[in-house]
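Sequence and predicted structure below; questions after.
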Amino acid sequence: MRGGLAAMAWWLAVATAAAAPARDPERYFFHETWGDLREELQRARDEGKKGIMIFFDQKDCPFCFYMKENILNRPAVQEFYRRHFILVRVDIEGDVEITDFDGTTMSQKDFAFRRHRVRATPVIAFFDLEGRRIFRHIGKARDVREFMLMGEYVATGAYGAMSFTRYKRERRKAGGG
């Protein structure tokens, strides 16, 4: 019974995410940041978050545009992700300075290319409260449901026990995704 209720709540959240009016992801999804990831880690700890999610994108990326126009703009997605993570956007072509988790300052493009080997976008990377990358997804999420599963996968700690592919398969079997 409990599993059935959880599955029903999951589907309701996904349905709500898809049906609610869109909101600007720059304002409602991403957090304001001064570009110091050490400060963002401390903020995540202070606010009881699970970590930091970095969305690597670039100006003319059609898949980034898809994510912003179809997934990141959904209120239920915004609320879930903001509850669990500090959300930072990094322009892989950007010259704006960013301070890495270790205190090194560099441009956004160097942070993306040299530190995280981001070559194509979007890349969605999750970092734990120590600044260690714990999960990385290359490319756009298929839909709201897959993106919500991705957040749940990291927020629940399932990334430590299984691959994201296996997690999705098991959630699907259980009726929750």
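Here it is on my side, so go on.

can you pull out the helices in the chain?
Assigned by DSSP state H, the chain shows helices spanning 2-19, 25-28, 37-46, 62-70, 75-84, 108-110, 116, 144-155, 164-173.

Deepest-packed of those helices, please.
Sort the helices of the chain by mean neighbour count, taking mean count of other C-beta atoms under 10 Å, and helix 144-155 sits at the top with a mean of 21. Glycine gets a C-beta too; all of them are placed from N, C-alpha and C.

From one end of stretch 117-128 to the other, what's the distance?
19 Å (C-alpha to C-alpha, to the nearest Å).

Now do stretch 44-63: distance from first to last residue.
28 Å.

what's the closest non-adjacent residue to Leu72?
Spatial nearest neighbour of Leu72, chain neighbours left out: Pro25 (3.7 Å); criterion: C-beta to C-beta, 6 or more residues apart in numbering.

Touching, that neighbour and Asn73? I think so.
Yes - using C-beta atoms under 8 Å, Pro25 makes contact with Asn73 at a distance of 5.0 Å.

OK, contacts around His116?
If a contact means C-beta atoms under 8 Å, 6 or more residues apart in numbering, then His116 has 56, 123, 125, 133 as its contacts.

So for the chain, which residue is the most central one in space?
Nearest to the mean C-alpha position of the chain, counting by C-alpha atoms, centre = their mean, stands Met53 at 4.5 Å.

Thanks a lot, see you next time.
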